[in-house]
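Engineer: following is a predicted model, sequence given first.
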Amino acid sequence: MQYPANRPIEDRTHMERFANGAWWFSVFDGHGGWQCSDYASKHLHLNVEKAISNHLGERPGSEPQLYEGHVDRRVVTRALKSAFERTDRQYMVKVFGAFELGFGRDTRAGSCALGTLVVDGMLFVANAGDSRAVLAVNRESFELSTSSPAAQLHKRTSSRGGGQQSAEAEVDMHDWNIEELMGAAALSDSIGENLSPIMAEALRAKLLNQIYEMRKSGKADDDDHLPSEDLDTETLVKEAAALAKRNRSRPGAAEEASKEAASSGQSSSSSESGSSSRTQSSNRFVNAVRLLTGGNMRAGEPTSEEGPQHDSSFVALDMSNDHNCREPHERELLERAHPNEKDVVVCRVNNPDQCYIKGKLQPTRAFGDFYLKYAEFMRGAEEDAAAGRYVPPPYTPPYITATPEVQVRTLRKGVDEFLIMATDGLWDVMSSQEAVDLAGKELRRQGGSPETASDALVEEALRRAAQNANLSVAQLKALKVGRARRAKHDDISVIVVDLARLVEMHYWG
């Protein structure tokens with residue numbers, strides 16, 4: 001489902017099933033024109049299919065079939081990144097000729113890209129930009145098993161704690177020590193995997209178990225400053241990180257995760273923790289735990305008191321991070337890469353959430369925008385503005401990349417229900433959990449489908465945009481496409497993927 005604000009609309013979508021049986025879904029959020037998003041929507045899937053097919057090879061039988069366990073997630077992750085990079089290079093070759101001839105305006109366009117590959121019982125989400133993919137997980141599937149000692153301890157403490165959402169903990173994870181759990185969490189970005197709700201709750205249960213055992217054995221003294229069992233998950237993790245840091249026996253990524261978690265603050269108050277979570281979004285590990293254990297609202301996300309009531313049937317799990325320079329983590333990366341450029345990120349004084357790389361662009365990953373990647377695409381200071389973009393010195397590209405961040409998840413029957421993919425026109429006015437609640441309600445309605453769920457999300461986004469502009473929905477829709485409408489909302493593109501049906505079709509999980 002798409003709804004235009006720009007004239008012409010700069011968003012694009014693409015969906016298809018590859019010859020090898022894999023499913024591909026993608027949304028593109030163009031900026032500076034429609035050309036880049038249009039090109040990417042027509043070529044990215046071709047490069048993805050080629051890269052993936054080279055890995056999967058031919059399948060036996062008359063129909064393409066995929067067999068569980070055949071796909072190497074690391075190879076597929078590399079293939080997705082390669083496909084994104086190849087698409088960007090292909091587009092660069094196309095527009096460079098126009099730039100050399102002085103048609104610089106035609107080279108200004110760029111596009112965020114979000115692609116989802118469902119193959120061999122696995123979900124791969126590749127994101128470059130600030131579009132977002134949100135997985136809806138069956139809430140009941142994440143109740144802790146009553147046979148686990150850690151689960152028993154969790155049940156005794158959860159009613160007194162932060163009221164976090166429980167999850168079914170895998171047995172082997174309870175055999176991991178805290179260092180292994182935190183190390184895996186810290187490495188989640190670099191290896192292309194997202195923290196699962198199972199790992200988040202396994203971590204909480206493991207921490208509580210250690211606290212219980214240390215107190216029971218009498219090994220703990222006043223100097224240990226053991227975290228309280230009554231803390232919410234986020235604060236518990238922070239304080240446990242400090243404890244793990246003192247008892248660490250090996251260096252590496254786990255140590256870095258502990259230092260980062262500890263440095264974000266060790267408040268013993270749930271209210272202080274909530275405040276910290278809103279200001280420490282650069283802490284990927286703590287943020288992931290917060291998102292995956294019930295606090296699914298992102299920092300600064302809009303809410304609507306008159307919006308749909310929450311459907312408690314699903315938990316929203318973000319499968320992508322927003323690559324926008326307003327995010328502290330993204331800003332920190334840019335400042336670290338360009339330490340001598342005070343203007344590497346410029347935020348508006350009257351709206352500090354609107355930040356721009358070199359005063360020009362918000363996304364930190366995107367197709368196109370080559371003047372922020374290659375010096376060859378920047379016009380001279382004295383040249384006509386039509387010749388292209390000009391960035392005053394200091395100028396040390398690249399500032400952005402088209403390489404996506406890839407998150408991976410093994411799909412499970414009865415657990416993973418559906419996926420929402422949307423451009424930021426939706427997320428500007430709606431949180432991940434609100435979107436999942438609304439889409440889930442529509443899908444469960446008689447006659448509901450992914451298409452009607454997408455329509456419902458777009459309509460709700462328009463209702464909220466109208467409310468923010470003090471207009472009726474009819475008045476908003478009556479605005480002329482272009483500047484008048486774009487001043488009220490962005491282009492909106494939404495795809496809802498029925499993962500439960502795909503899992504059922506292929507007997508995965």
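Structural biologist: That came through, no problem.
Engineer: what is the neighbour count of Lys480?
Structural biologist: The number of residues packed around Lys480, counting by other C-beta atoms under 10 Å, is 8. For glycine as for every other residue, the C-beta is placed from the backbone atoms N, C-alpha and C.
Engineer: can you list the domain ranges for the protein.
Structural biologist: The domain map for the chain lists 2-131+402-506, 136-318, 331-362, with the assignment taken from automatic domain parsing.
Engineer: ok, of the ones you listed, where does mean pLDDT dip lowest?
Structural biologist: Within the domains of the chain, the stretch with the lowest mean pLDDT is domain 136-318, showing a mean of 46.
Engineer: quick check: phi and psi on Leu135?
Structural biologist: Per-residue torsions, Leu135: phi -90, psi 130 (degrees, to the nearest 10).
Engineer: from Leu317, how far off is it?
Structural biologist: For Leu135, the distance to Leu317 (C-beta to C-beta, to the nearest Å) stands at 4 Å.
Engineer: quick one: which of the two has more around it?
Structural biologist: Neighbour tally, Leu135 and Leu317, criterion other C-beta under 10 Å: the higher count belongs to Leu135, 30 against 26.
Engineer: partner residues bridging the more buried one?
Structural biologist: With DSSP bridges as the criterion, Leu135 is bridged to Leu317, Leu419.
Engineer: touching, it and Asp416? I think so.
Structural biologist: Yes: under the contact definition of C-beta atoms under 8 Å, Leu135 touches Asp416, with a separation of 6.3 Å.
Engineer: mutual contacts of those two, please.
Structural biologist: Residues within reach of Leu135 and of Asp416 at once, by C-beta atoms under 8 Å, 6 or more residues apart in numbering, are Leu123, Arg409, Leu499.
Engineer: contacts only, for Thr116.
Structural biologist: In this structure, Thr116 makes contact with Trp24, Phe25, Ser26, Leu123, Phe124, Val125, Ala126, Ala133, Leu419, Met421, Val497, judged by C-beta under 8 Å, 6+ apart.
Engineer: narrow the residues you listed to those in strands?
Structural biologist: With strands identified by DSSP state E, the entries of the contacts of Thr116 that belong to them are Trp24, Phe25, Ser26, Leu123, Phe124, Val125, Ala126, Ala133, Leu419, Met421, Val497.
Engineer: rewinding a little: would you format the shared contacts of Leu135 and Asp416 as TSV with neighbour count and distance to Ala79 included?
Structural biologist: Converted to TSV, these look like this (neighbours: other C-beta atoms under 10 Å; distance: C-beta to C-beta, whole Å):
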residue	neighbour count	distance to Ala79
Leu123	24	15
Arg409	21	17
Leu499	27	21
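Engineer: mind putting those residues into JSON lines with distance to Asn351?
Structural biologist: Written out in JSON lines, the entries for the shared contacts of Leu135 and Asp416 read as follows (distance: C-beta to C-beta, whole Å):
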{"residue": "Leu123", "distance to Asn351": "35"}
{"residue": "Arg409", "distance to Asn351": "35"}
{"residue": "Leu499", "distance to Asn351": "37"}
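Engineer: which one of those is nearest to Arg485?
Structural biologist: When the shared contacts of Leu135 and Asp416 are compared for distance to Arg485 (C-beta to C-beta), Leu499 comes out closest, at 32.9 Å.
Engineer: does the closest one touch Val415 like I think?
Structural biologist: No: counting by C-beta under 8 Å, Val415 is not a contact partner of Leu499; they are 9.5 Å apart.
Engineer: just to revisit the earlier point, list just the nearest of the ones in strands among the contacts of Thr116 to Trp34.
Structural biologist: Distances from the ones in strands among the contacts of Thr116 to Trp34 were compared by C-beta to C-beta; the smallest belongs to Ser26, at 15.6 Å.
Engineer: roughly how far does the closest one sit from Ser41?
Structural biologist: When C-beta to C-beta is the yardstick, Ser26 and Ser41 sit 7 Å from each other.
Engineer: which one of those two has more residues nearby?
Structural biologist: Ser26 (23 against 19).
Engineer: alright, calling it a day.
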